[in-house]
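Undergrad: attaching a predicted model along with its sequence, questions to come.
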Amino acid sequence: MNASPPHALALRPMLGIGLKVVSVTVFVGMQTTLKALGPEIPAGQLVFFRSFFALVPVLAYLCWLGTLRTAFHTRDIGGHFIRGAIGVTSMAFGFYAIGRLPYPEWITISYASPLLTVVFAAIFLREHVGRFRWTAVLVGLCGIVVVIAPNLSLDVGTLSGAQRLGMIASLAGAAFAAVAMIQVRRLVRTEPTTTIVVYFSICCSVIALVSLPFGWVWPSPWQASLLVLAGIFGGIGQLLLTACYRYAEASTIAPFEYTSMLMAVAIGAALFGEVASPTTLLGGAIVVSAGVFIILREHRLGIERKRARSVSPPQN
């Protein structure tokens with residue numbers, strides 16, 4: 001479960017892309033089950049079930065690999081807790097929003113996360129961000145504005161109070177998800193990917209329990225089944241997402257994340273009777289285009305850096 005393809009493993013781009021698309025499909029399945037639960041289940045309860053039952057496929061997979069014991073070895077338990085706290089906050093906002101927004105709007109706003117990651121990486125990690133990436137980020141955020149602008153969502157012409165809160169929560173969830181990615185970048189300097197995945201689910205499960213006194217409900221058998229299924233989907237999706245990076249470069253795989261937009265539009269219409277508005281489709285196209293531009297730009301810069309290193313003279 002490495003974050004990048006190991007040198008000893010031959011790249012198989014089509015397999016990597018296939019695993020990525022399957023992982024996106026599984027995550028969309030997770031989101032669909034959470035949306036089907038509606039706003040009746042509190043966000044903290046959703047986070048707990050999503051995190052706790054994600055451990056089932058993850059731990060089973062680690063047992064099969066024979067690496068379960070080593071996955072718990074860590075040198076930065078505090079860093080994992082911070083990552084978990086940020087992740088819980090992000091999921092709570094996102095899960096609150098998904099029950100109150102049409103699926104296409106929700107998933108389009110969530111695409112703000114990778115754009116904000118570029119901004120936060122420049123601020124907190126002092127990463128160099130060139131003018132092309134800044135331009136792409138600004139264009140992408142303009143696409144988000146198109147989606148969330150008042151009176152431009154749904155056929156009714158106006159947004160309800162719940163939908164406005166949902167949009168604010170969705171944006172907050174995307175922002176916290178971007179901060180979480182910054183923390184992951186710090187963790188991967190010293191921690192294996194398996195350790196990060198395991199401790200993330202454990203920390204999120206424990207932290208989510210804090211919300212227990214604040215309105216958890218006793219689910220019906222159908223709701224309980226969906227809650228457990230969402231967690232298992234989340235764990236399987238994480239395993240598939242990790243596996244895809246074994247067989248292809250990140251720049252090859254990343255654009256296929258946006259296939260979730262097509263799935264969201266189809267599922268929203270077929271299962272929830274939600275027809276994506278023209279502004280949602282326009283804003284989604286803008287955001288996806290900006291994201292793909294950033295990915296392709298990073299790929300090109302990576303190739304140029306490799307060429308520069310290969311032609312540089314050896315140091316005496």
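TA: Noted; the coordinates are in hand.

Undergrad: longest helix in this structure, by residue count?
TA: Secondary structure of the chain per DSSP state H: the longest helix is helix 278-311.

Undergrad: in the protein, where is pLDDT below threshold?
TA: 1-10, 150-161, 250-251, 299, 301-302, 305, 309-316 (pLDDT under 70).

Undergrad: can you show me the strands along the protein?
TA: Here the chain has no strands by DSSP state E.

Undergrad: and the helices in it?
TA: 13-37, 43-52, 55-65, 68-71, 77-98, 103-110, 112-124, 131-148, 161-187, 193-208, 221-244, 250-253, 259-272, 278-311.

Undergrad: make JSON lines out of these and add distance to residue 214.
TA: Heads up, the C-betas are built off the backbone N, CA and C, glycines and all. Converted to JSON lines, those look like this (distance: least, CB to CB, whole Å):
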{"stretch": "helix 13-37", "distance to residue 214": "17"}
{"stretch": "helix 43-52", "distance to residue 214": "7"}
{"stretch": "helix 55-65", "distance to residue 214": "23"}
{"stretch": "helix 68-71", "distance to residue 214": "32"}
{"stretch": "helix 77-98", "distance to residue 214": "11"}
{"stretch": "helix 103-110", "distance to residue 214": "23"}
{"stretch": "helix 112-124", "distance to residue 214": "26"}
{"stretch": "helix 131-148", "distance to residue 214": "27"}
{"stretch": "helix 161-187", "distance to residue 214": "16"}
{"stretch": "helix 193-208", "distance to residue 214": "11"}
{"stretch": "helix 221-244", "distance to residue 214": "17"}
{"stretch": "helix 250-253", "distance to residue 214": "38"}
{"stretch": "helix 259-272", "distance to residue 214": "27"}
{"stretch": "helix 278-311", "distance to residue 214": "32"}
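
Undergrad: highest average neighbour count across these?
TA: The highest average neighbour count among these, using mean count of other CB atoms under 10 Å, belongs to helix 103-110 at a mean of 27.

Undergrad: other residues contacting that helix?
TA: For helix 103-110, the surrounding residues in contact (CB atoms under 8 Å, 6 or more residues apart in numbering) are 31-32, 35, 94, 97-98, 101, 143-144, 147-148, 153, 166-167, 170-171, 173-174, 177, 260-261, 264-265, 267-268, 272, 274, 276, 280-281, 283-284, 287.

Undergrad: dump it to CSV, keeping only the CA atoms.
TA: Taking C-alpha atoms only, helix 103-110 is exported to CSV below (Å, rounded to 0.1, in the frame of the first residue of the first chain):
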residue,chain,number,x,y,z
TYR,A,103,-25.7,15.2,-5.4
PRO,A,104,-24.2,17.0,-8.5
GLU,A,105,-23.9,20.3,-6.5
TRP,A,106,-22.4,18.6,-3.5
ILE,A,107,-19.7,16.7,-5.5
THR,A,108,-18.9,19.8,-7.6
ILE,A,109,-18.3,21.9,-4.5
SER,A,110,-16.1,19.1,-3.0
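
Undergrad: check contacts around the residue lying closest to residue 286 once chain neighbours are set aside.
TA: The shortest distance from residue 286 to any non-neighbouring residue, by CB to CB, 6 or more residues apart in numbering, is to residue 143 (3.0 Å). With CB under 8 Å, 6+ apart as the criterion, the residues that contact residue 143 are 108, 282, 283, 284, 285, 286, 287, 289, 290.

Undergrad: dump those residues to TSV, plus distance to residue 197.
TA: Putting these into TSV (distance: CB to CB, whole Å) gives the following:
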residue	distance to residue 197
108	27
282	36
283	32
284	29
285	32
286	32
287	27
289	31
290	28
